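Trainee: sequence plus predicted model, see below.
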Amino acid sequence: MQVVTQGYDHDGAVHEGQPFVISAEYHNESDHASGPFQVTFVVDGHSHHAIEVHDAGARESQWAQWPADGIVAGVHYVRVGFAHMHHESEHQGEAYDQEFHVAAAPVTAAGQDGRGEDELATGYVNAQLGTLRQWQYALLDFDKVMVSQTQAATHPDFAGAVVKMFQDKVLGYALGAIPGAAHADLVFGALKAVVEAGEKAKAASVSVALRDFYHQHLATMSEMDKHLVHAQEHFAPQMRGKAASLVADGKADEYLAFRAGLIALHDDAVARLQAGSLDAYVDALSAQWMNQSIKQPRYEVAIHIRILQSDLSVLGFKIDGPDGDKLTEHLGAQSGGINLWTLAVPRSIAYYGHDGQYPAGWVHLDQTNRLIDTPAEQGLSPGHREVYARLHAQGHLIAHGAGS
């Protein structure tokens, strides 16, 4: 299945508050028609819609489209699946998850946004500092699960993934997405330190011992923290002075580009701060750590989960791979529990009867919660598709402690 999100503007981007369309292309691989069914759309786990499909011919591809209402700026997720299938019932409950980004509403004139340069600059620095510190705390927290032998080895895949997360979740819009017309006017002061931190993180991700990469990355974060603390007092006057200079010089277009960039910078930083948390960052780091040791996702798993078939409650879980025991204990101790459903790693879920003694079958999931239907599941796991459909509808697997 292919899932596409597109706005109605000339550039096709999805902008805050504006309508957009979610398109899904599906393919009938069988040699007979599918009969009627529904293509379902769920945005951010709560906005539901279904498209009625009369029929999909043998070996035929079709598109389903949902014109959706506008949503706020930030990162969002859409889940596309199938329902009410009769001839292709084995696909019942299958779903595909797609991340998409909604840009802040474009500002074409200063008068369309009442926020002053001081407010925008101060809000950006405070939000960026809050996100940075969440990331620092997550790195320090995750460091507790790695033993000295692990830290002495090179883990280039993990280091590269950490840098990518840092760029996306911590730096965000500041790292290269500022419009060219505003770039020279915005990339200085506190913002310059943010961009330079991204370059240092890239340099630190080469094949060195994980301990050395960690120390370099944390040192960069500490340096960036100092710049942002300093900027809490100085960045707003810099932005106010630059805006006043552009207006005084009669550079109206440059001022509008500068202001639009500052608005987007502020709104992106606030959205990232609201979307992140210490536990969310630790979970993301943990998933990257587990995935580095998975070479064949169809046959290998990172987490073994035990649940009751009756109510899908978690009996326990165990993590394979480097430092798996410590990571199992660490994630199991999270306040409020760990959601094993949202960890983007291959998982094996054994479901048990009421006594919890012997598994009745297994469900094997990939990193995106799609069912891996191996011959072993088909032969040894009666009802595994029904259990998978229930798990998918539930949308969570909360474990309070690792269990036994």
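Mentor: Perfect, I can see it now. Given the structure is predicted, the values throughout are model-derived calculations rather than measurements.

Trainee: can you map out the helices along the protein?
Mentor: 117-143, 148-152, 156-165, 180-186, 190-203, 210-248, 252-275, 278-291, 324-332, 375-380, 384-394 (DSSP state H).

Trainee: now tabulate these in TSV and tack on mean pLDDT.
Mentor: What follows is the helices of the chain, written out as TSV (pLDDT from 0 to 100):
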stretch	mean pLDDT
helix 117-143	89
helix 148-152	50
helix 156-165	75
helix 180-186	53
helix 190-203	65
helix 210-248	83
helix 252-275	85
helix 278-291	85
helix 324-332	86
helix 375-380	62
helix 384-394	90
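
Trainee: for residue 83, which of those helices is the nearest?
Mentor: The closest of the helices of the chain to residue 83 is helix 384-394. By C-beta to C-beta, the value is 9.7 Å. (Glycine included, C-beta is placed from N, CA and C.)

Trainee: which other helices and strands contact that closest one?
Mentor: Contacts defined by 3 or more C-beta pairs under 8 Å, 6 or more residues apart in numbering; DSSP states H and E place helix 384-394 against strand 347-352, strand 359-365.

Trainee: quick check: which of those is nearest to residue 69?
Mentor: Going by C-beta to C-beta, the one of those nearest residue 69 is strand 359-365, 30.9 Å.

Trainee: other SSEs contacting that closest one?
Mentor: strand 347-352, helix 375-380, helix 384-394.

Trainee: I'd like the ones you listed as a markdown table, with mean neighbour count appended.
Mentor: Shown next, in a markdown table, are these (neighbours: other C-beta atoms under 10 Å):
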| stretch | mean neighbour count |
| --- | --- |
| strand 347-352 | 21 |
| helix 375-380 | 12 |
| helix 384-394 | 18 |
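
Trainee: now these as CSV including distance to residue 243?
Mentor: Conversion of the helices and strands packed on strand 359-365 to CSV gives the following (distance: least, C-beta to C-beta, whole Å):
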stretch, distance to residue 243
strand 347-352, 51
helix 375-380, 61
helix 384-394, 50
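
Trainee: and the nearest residue to residue 133 once chain neighbours are set aside, how far from residue 172?
Mentor: Nearest in space to residue 133, with sequence neighbours left out and distances taken as C-beta to C-beta, 6 or more residues apart in numbering, is residue 225 at 7.1 Å. Noted for residue 225: a distance of 17 Å to residue 172, by C-beta to C-beta, to the nearest Å.

Trainee: domain boundaries for this structure, per the record?
Mentor: Residue ranges for the domains of the chain, per automatic domain parsing: 2-102, 110-285, 295-399.

Trainee: for the stretch 1-150 of the chain, what spans make up the strands?
Mentor: Per DSSP state E, counting those that start in this stretch, the stretch 1-150 of the chain carries strands over the ranges 2-7, 20-27, 37-43, 47-53, 61-68, 74-83, 95-102.

Trainee: quick one: buried residues of the third one?
Mentor: It refers to strand 37-43. Across strand 37-43, burial judged by 16 or more other C-beta atoms under 10 Å covers 37-43.

Trainee: what sits against residue 37?
Mentor: Residue 37 is in contact with 53, 56, 82-86, 88, counting by C-beta atoms under 8 Å, 6 or more residues apart in numbering.

Trainee: quick one: buried ones out of those?
Mentor: 53, 56, 82, 85, 88.

Trainee: sorry, back to before: so for residue 225 and residue 172, which residue has more residues nearby?
Mentor: Shown here are residue 225 and residue 172; by other C-beta atoms under 10 Å, residue 172 has more neighbours (21 against 16).

Trainee: so the more buried one sits against residue 270, correct?
Mentor: No: the criterion here is C-beta atoms under 8 Å, and residue 172 misses it with residue 270 at 10.2 Å.

Trainee: which of the buried ones among the contacts of residue 37 sits closest to residue 325?
Mentor: Taking the buried ones among the contacts of residue 37 together and measuring to residue 325 by C-beta to C-beta, the closest member is residue 82, at 39.1 Å.

Trainee: what sits opposite that closest one in the beta ladder?
Mentor: Beta bridges link residue 82 to residue 39, judged by DSSP bridges.

Trainee: ok, residue 31 - how many residues close by?
Mentor: When neighbours are counted by other C-beta under 10 Å, residue 31 registers 7.

Trainee: what's the spacing between it and residue 345?
Mentor: Using C-beta to C-beta, residue 31 is found at 35 Å from residue 345.

Trainee: can you check residue 331 too?
Mentor: 11 Å.

Trainee: residue 372 now?
Mentor: 13 Å.

Trainee: returning to that earlier point: so which of the helices of the chain is nearest residue 47?
Mentor: Minimum separation from residue 47 across the helices of the chain (C-beta to C-beta) falls at helix 384-394, 15.8 Å.

Trainee: touching, residue 323 and residue 145? I think so.
Mentor: Yes: judged on C-beta under 8 Å, residue 323 makes contact with residue 145 at a distance of 5.3 Å.

Trainee: can I get the helices and strands packed on helix 384-394 in JSON lines with mean pLDDT and distance to residue 164?
Mentor: JSON lines is the format used below for the helices and strands packed on helix 384-394 (pLDDT from 0 to 100; distance: least, C-beta to C-beta, whole Å):
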{"stretch": "strand 347-352", "mean pLDDT": "92", "distance to residue 164": "22"}
{"stretch": "strand 359-365", "mean pLDDT": "89", "distance to residue 164": "23"}
